[in-house]
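Q: The sequence and its predicted three-dimensional model are supplied below.
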Amino acid sequence: MKETVLKKFEEIYGSAEGVNVYFAPGRVNMIGEHTDYNGGHVFPCALTIGTYAAVKKRTDRKLRFYSMNFDSLGIIESSLDDLTPSDEAGWTNYPKGVMWAFARQGMKMDCGLDIVLNGNIPNGSGLSSSASLEVLTGYYLKDLYGFQVTNIDLAKIGQYSENNFNGMNCGIMDQFASAMGKKDNAIFLDTADLSYQYAPLVLEGAKIVVTNSNVKHSLVNSEYNVRRSECEKALAELQTVVKIAGLGDLSEEEFEEYKSAIKDEVCVRRAKHAVYENQRTIRAVEALKNNDLKLFGELMNASHVSLRDDYEVSCEEIDVLVEEAWKVEGVIGSRITGGGFGGCTVSIVKDEMVEQFKEKVGAAYQERVGKTADFYVVEIGDGPQKM
Ligand code: GLA
């Protein structure tokens with residue numbers, strides 16, 4: 001990949017002399033979905049796939065972007081004096097948003113950049129190609145301009161830019177997983193205070209299989225923001241009867257005791273998911289520590305049911321993939337992963353059953369939905385790097 005972006009850089013900008021290459025990973029979340037904006041826990045891991053950038057400073061204030069994933073768009077030009085979101089800017093709104101967020105914190109770039117990108121995260125798969133692009137941008141800015149930021153700052157800046165420049169009200173999970181990734185480890189993150197622990201995720205005799213539904217429903221951003229506000233409404237009503245900072249502060253028992261304070265039935269279900277999912281995540285990490293992969297898998301399955309029925313962020317295609325996965329012998333757990341409304345599922349599958357899993361789930365998906373699913377046996381990788 002390093003050679004590929006360097007070659008492209010030379011081809012389109014004339015020379016690859018003095019060019020640096022950087023990488024930031026995508027992520028898959030094992031459990032703890034839609035808890036990160038509710039002060040709950042998440043358990044994602046960084047992948048070995050992600051986004052690469054070849055970057056070189058310019059002497060003027062121009063910004064030139066080129067993505068090998070969108071060759072037909074050619075070079076997209078902008079300038080440090082135009083860090084505002086626009087439809088024409090397309091995917092460059094992500095790196096520009098990060099540059100804007102740095103500048104807002106007083107970290108101003110004194111010259112522009114020539115950039116070539118190449119990503120190997122399948123487009124729109126819900127494996128956080130945008131968070132990897134944000135973290136990647138922050139990482140090369142830090143390196144090239146000497147900005148004093150930690151990797152956790154890079155996660156925060158990425159989230160801030162996505163919320164305030166790109167209008168997606170996301171939590172911090174994706175950026176944190178990309179910025180803080182560690183090979184063979186998942187990250188047990190408490191989003192209430194950003195305290196975290198690494199948990200080894202070397203599965204004896206099993207693999208993590210990500211299945212791409214190859215569908216992405218247009219609801220993603222709008223429905224995501226609706227879920228967030230439903231949770232906020234439920235929280236405000238609960239706060240009239242119990243002192244909590246977020247839904248993640250409640251145990252299941254406490255939730256059952258106080259839930260009548262929530263007026264709207266839909267909001268009750270949304271809040272229930274947030275509370276129970278948080279407790280499931282804590283329990284799942286405990287199970288992993290105790291080498292109880294069976295329990296871990298059961299909690300993954302329960303997570304899916306809750307996201308499907310109470311949180312309503314699944315869709316027919318994803319439900320088919322999960323149902324079919326559950327039928328296959330040797331599947332320890334399977335669930336939707338990421339924001340929802342399409343994208344991917346994550347499954348833990350015994351080594352010797354991986355091929356059968358792909359065949360059976362793939363064939364059933366084709367038959368029931370009329371679409372082709374893609375399968376990736378993923379590896380857990382490190383955070384951002386200079387190559
Ligand atoms: C998206 C968001 C994350 C998180 C997940 C759901 O990936 O970017 O912050 O909320 O959805 O768990």
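A: Arrived safely. Residues are numbered from 1 along each chain as shown.

Q: Which of the three states applies to the nearest residue to K371 once chain neighbours are set aside?
A: In space, and not counting its chain neighbours, K371 is closest to N214: 5.9 Å by CB to CB, 6 or more residues apart in numbering. C-beta here means a position set from N, CA and C on the backbone, and glycine is covered the same way. Recorded secondary structure, N214: strand (DSSP: H, G, I helix; E, B strand; the rest coil).

Q: where does the stretch 101-250 of the chain dip in pLDDT?
A: 218-220 (pLDDT under 70).

Q: mind listing the strands for it?
A: 113-119, 185-190, 195-200, 206-216 (DSSP state E, counting those that start in this stretch).

Q: Now render these as TSV, adding distance to the ligand.
A: Converted to TSV, the strands of the stretch 101-250 of the chain look like this (distance: least, CB to the nearest ligand atom, whole Å):
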stretch	distance to the ligand
strand 113-119	16
strand 185-190	11
strand 195-200	15
strand 206-216	13
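
Q: so can I have a markdown table of those strands showing mean neighbour count?
A: Listed next are the strands of the stretch 101-250 of the chain as a markdown table, based on neighbours: other CB atoms under 10 Å:
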| stretch | mean neighbour count |
| --- | --- |
| strand 113-119 | 23 |
| strand 185-190 | 24 |
| strand 195-200 | 14 |
| strand 206-216 | 21 |
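
Q: buried stuff in stretch 58-71?
A: 63-68 (16 or more other CB atoms under 10 Å).

Q: quick one, phi psi at the closest residue to the ligand within the stretch 251-387 of the chain?
A: Residue nearest to the ligand within the stretch 251-387 of the chain: G339 (3.3 Å; CB to the nearest ligand atom). Dihedral pair for G339: phi -70, psi -30, per degrees, to the nearest 10.

Q: Report the separation between the residue nearest to it when sequence neighbours are not counted and G338.
A: Spatially, and ignoring its direct neighbours in sequence, G339 is nearest to Y224 (5.5 Å; CB to CB, 6+ apart). Distance of Y224 to G338, computed by CB to CB, to the nearest Å: 10 Å.

Q: Which of those two has more residues huddled nearby?
A: G338 (24 against 19; other CB atoms under 10 Å).

Q: Against G126, how distant is the more buried one?
A: 3 Å.

Q: any residues in contact with both of those two?
A: C344 (CB atoms under 8 Å, 6 or more residues apart in numbering).

Q: And the top strand by length along the chain, how far out from the chain middle?
A: Among the segments of the chain that qualify as a strand by DSSP state E, the longest is strand 44-57. Centroid separation for strand 44-57 versus its chain: 13 Å, with CA atoms, centre = their mean, to the nearest Å.

Q: right, is that strand up against the ligand?
A: No: remark: strand 44-57 sits outside contact range of the ligand, by CB under 6 Å from any ligand atom, the gap being at least 8.6 Å.

Q: what angle separates that strand from strand 195-200?
A: 100 degrees (axes from the mean of the first three to the mean of the last three CA atoms, to 10 degrees).

Q: which element follows strand 44-57 toward the C-terminus?
A: Once strand 44-57 ends, the next helix or strand along the chain (criterion: DSSP states H and E) is strand 62-67.

Q: Name the residues that touch that following strand?
A: 8, 12-13, 58, 73-80, 91-92, 95-96, 99, 112-119.

Q: same question for the longest strand of the chain, mean pLDDT?
A: Mean per-residue pLDDT for strand 44-57: 98.

Q: Spell out which residues of the stretch 201-350 of the chain are next to the ligand.
A: Counting by CB under 6 Å from any ligand atom, the residues of the stretch 201-350 of the chain near the ligand are 338-339.

Q: Run through the helices of the stretch 151-300 of the chain in chain order.
A: 151-164, 173-179, 220-238, 252-258, 265-289, 293-309 (DSSP state H, counting those that start in this stretch).

Q: Relative to V210, which of the ones you listed is closest?
A: helix 293-309 (13.0 Å; CB to CB).

Q: residues in contact with the closest one?
A: 30-31, 33-34, 203-204, 206, 269, 272-273, 276-277, 280-281, 283-284, 287-288, 313-314, 319, 322, 326, 331-336, 340, 346, 348.

Q: Drop the exposed ones from those and show what's left.
A: Looks like the contacts of helix 293-309 have 30-31, 33-34, 203, 206, 269, 272-273, 276-277, 280-281, 283-284, 287-288, 313-314, 319, 322, 326, 331-336, 340, 346, 348 buried, using 16+ other CB under 10 Å.

Q: Could you list which residues are in contact with the closest residue to G246 other than its chain neighbours?
A: In this structure, G246 finds its nearest non-sequential neighbour in G39, 2.5 Å apart by CB to CB, 6+ apart. By CB under 8 Å, 6+ apart, the residues touching G39 are 191-192, 245-249.

Q: Now flag whichever of those residues is closest to G138.
A: The closest of these, once distances to G138 are taken by CB to CB, is T191, at 19.1 Å.

Q: Now the phi/psi pair for the closest one, please.
A: phi -70, psi -10.

Q: where's it relative to K259, distance?
A: 22 Å.

Q: follow-up on the earlier one: so who does the residue nearest to G339 touch?
A: Neighbours of Y224 in contact, by CB under 8 Å, 6+ apart: 168-170, 339-340.
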